[in-house]
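A.B. asks: what's the 3D shape of this:
(2 chains)
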Amino acid sequence: MTTAADKRMSLADAATLVKDGDIVVAGGCCYSRTPWAMLLELLRAQLRDLTLGRNLMCYESELFLASGAASKLISSWVGIGLRWGIPKVFREYVERDASVYEEWSHLSFGLRLLAGSMGMPFLPTASLLGSDLLKRLPAQEMRCPFTDELLVAVPALVPDVALIHVHTVDAEGNAQIEGPVYMDVEMARAAETVIVTAEEVVPGEAIVRRNDHTQIPGFVVDAVVEVPFGSYPHECHGRYEADFAHFDAYAEQVSADGVAGVEAYLAEVVERPGSFGAFLDTVGASALMEQRRLARELVSA
Amino acid sequence: MTGTPEPTPVELMTIAGSRLLRDGRVIFAGVGAPLEASVLAKRLHAPSLTIVLEGGSIGPRMLPGRLPVSTNEMRAAHDAFMLTSINDLFLYGQRGHYDYGFIGAGQLDQYGNVNTSYIGDPDSPKVRLPGSGGANDIVSSCREVMIMTRHEPRRFVERVDFITSPGYLSGPESRRAAGLVRNRPVSVITDLALLGFDEVTGRLRLDALQPGVTEADVHANTGFELLVSDTVAELAAPTEQELAELRWLRDGEQSDTATRREVTSAP
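C.D. replies: Residues are numbered from 1 along each chain as shown, chains lettered A, B, ... in the order given. This next block holds a predicted model:
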């Protein structure tokens, strides 16, 4: 049983904090520090009608559409990465019904979260001006009340739930991220409910010793889940590199079989293993250690 | 160039793009050819060029053979001066700190408007493309905007289906009226040519040809009436050093190590 101070729980219990129809945002960026274990747990919980938001989205886009978990996606860019291009099934969904996808620019999406994190209803920006993106978005042109400059006002985004994967966290939710923080801090501050998964849950004293590295204070966090390799097959800065061979196999399968390929992938990584830990067992310790070795080569000593 | 394979179209435009970048500037580059051009410039003639990447990486130094596939991954953060949040990374640009913005294009028109969102009617698209990402933000704020893309009729169209990232819209006055007053598009680099913008009309103009390419080749691959500069220059062919360095950056240790040793003395 958890107390107010000890927010540790299982992935399955954390998933109960998410309700059908919620606006859920996922931290990290494309295939970096994605809260992958938590995203798969939402699929396992068979949530419905979610709006999934993420600044740059990888192939979780089509996992959520094809499984029926999400009815709408919000992002600035959707692709697996330069080498693999746009997720094929995501593309088919948008080509069938353009309303399933709302496209912002990267900064305007970020400023929506920043406004949400500031408790303000909007922020002005010089982005989106003159573009066709603006015509399709719930943003609007405004004049600066002081200089009369033409700007774009973007509305705050206050997600129902933010999913964030970090390196270390204590039981109360004080979280530390290594490497780029992306938009995770804005998301955590803006959202009504925050679920933090972490490579390691550490004692509070370990957080205090490096308190200048704490980016998310525990008082905004509702759930803490320890999930080593919780971003795999995506990367976690300094801990493991993204598994490009996994992406190759996925992209090949979906390219050949479309939606059936996505469903086969979900069966393989979500349904059959039954838990994220059991999925990692199918990957195997030696493969995970190889990803760890590759990551260490990229981080300066 | 005995023993060195001829440059590919992408190598031609990457090298032409790298030569435009001046030392001591700050460049916001997209991954792929714009990033490769930036890294090449930094190694060959612009050692103090600061590269910034969308994922929050300021001043990274890439590992040869492990160039990033996405703007935000560990490879993109390698040996950076600073890793910051994505909002901050863009807001330095909005504040006016980035000299160059360097992007690719799916579809591009005579005013330098770029489409990376929808082919066909956006309400019922024929093809969904990956989207803006930071491209719209880059063209709205970075001082000099450069675009690099293959020169094909299907890309160089009269009017883009959708303006993801505005160029001159329908001319300099329309750009001003839209509030785009902080910066300007300056060049388009392709595998056939180097294009500039006519300041009066905001339309694309042929300034220089890639080696061996004719004006007729360029017009045949451009789906609109391209203005032509009074003096069309020919770009110098890629040097052996440029090619070897670019290939080493891309392929790392797999490339010819003898050539590699020759070029590593460059800054």
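
A.B. asks: Output the below-cut-off pLDDT ranges for chain B.
C.D. replies: Along chain B, the model assigns pLDDT under 70 to residues B:1-3, B:254-267.

A.B. asks: can you do 80?
C.D. replies: Low-confidence segments of chain B (pLDDT under 80): B:1-4, B:253-267.

A.B. asks: residue ranges of the strands in it, please?
C.D. replies: Secondary structure of chain B, counting by DSSP state E: strands at B:26-29, B:50-53, B:57-58, B:82-83, B:100-104, B:107-108, B:114-115, B:118-119, B:127-128, B:144-148, B:184-189, B:193-197, B:204-209, B:227-234.

A.B. asks: Identify whichever of the ones you listed lies nearest to B:R247.
C.D. replies: Judged by C-beta to C-beta, the one of those that comes nearest to B:R247 is strand B:144-148, at 18.0 Å. All C-beta atoms are positioned from the backbone trio N, CA, C, and that covers glycine.

A.B. asks: is that closest one up against chain A anywhere?
C.D. replies: No: Strand B:144-148 is not in contact with chain A by C-beta under 8 Å from any C-beta of the partner chain; minimum separation 12.9 Å.

A.B. asks: what are the pairing partners of that strand, and which direction each?
C.D. replies: Paired neighbours of strand B:144-148 in the sheet (DSSP bridges): strand B:100-104 (parallel), strand B:184-189 (parallel).

A.B. asks: Mean neighbour count and distance to A:R54 for the strands of chain B - can I get that in TSV?
C.D. replies: Shown next, in TSV, are those (neighbours: other C-beta atoms under 10 Å in any protein chain shown; distance: least, C-beta to C-beta, whole Å):
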stretch	mean neighbour count	distance to A:R54
strand B:26-29	26	21
strand B:50-53	26	18
strand B:57-58	22	19
strand B:82-83	18	19
strand B:100-104	25	21
strand B:107-108	26	25
strand B:114-115	27	22
strand B:118-119	23	20
strand B:127-128	19	17
strand B:144-148	24	26
strand B:184-189	23	29
strand B:193-197	23	35
strand B:204-209	20	35
strand B:227-234	12	41
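
A.B. asks: Would you check that A:A188 makes contact with A:V161?
C.D. replies: No: A:A188 lies out of contact with A:V161 (C-beta atoms under 8 Å); the separation is 10.8 Å.

A.B. asks: neighbour-wise, which of the two wins?
C.D. replies: The neighbour count for A:A188 versus A:V161, taken as other C-beta atoms under 10 Å in any protein chain shown, is higher for A:A188 (28 against 24).

A.B. asks: residues shared between the contacts of A:A188 and A:V161?
C.D. replies: The contact sets of A:A188 and A:V161 overlap at A:V194 (C-beta atoms under 8 Å, 6 or more residues apart in numbering or on different chains).

A.B. asks: Using TSV, lay out the strands paired with strand B:144-148 together with distance to A:Y93.
C.D. replies: Below are those laid out as TSV (distance: least, C-beta to C-beta, whole Å):
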stretch	distance to A:Y93
strand B:100-104	24
strand B:184-189	32
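
A.B. asks: Identify the residue nearest B:D123 in space, chain neighbours excluded?
C.D. replies: A:A98 (5.5 Å; C-beta to C-beta, 6 or more residues apart in numbering or on different chains).

A.B. asks: all helices for chain B, in order.
C.D. replies: For chain B, applying DSSP state H gives helices covering B:9-19, B:33-44, B:74-77, B:86-94, B:135-141, B:172-177, B:215-220, B:240-251, B:257-263.

A.B. asks: any idea how far A:H213 lies from B:N72?
C.D. replies: Remark: distance between A:H213 and B:N72 (C-beta to C-beta, to the nearest Å) = 20 Å.
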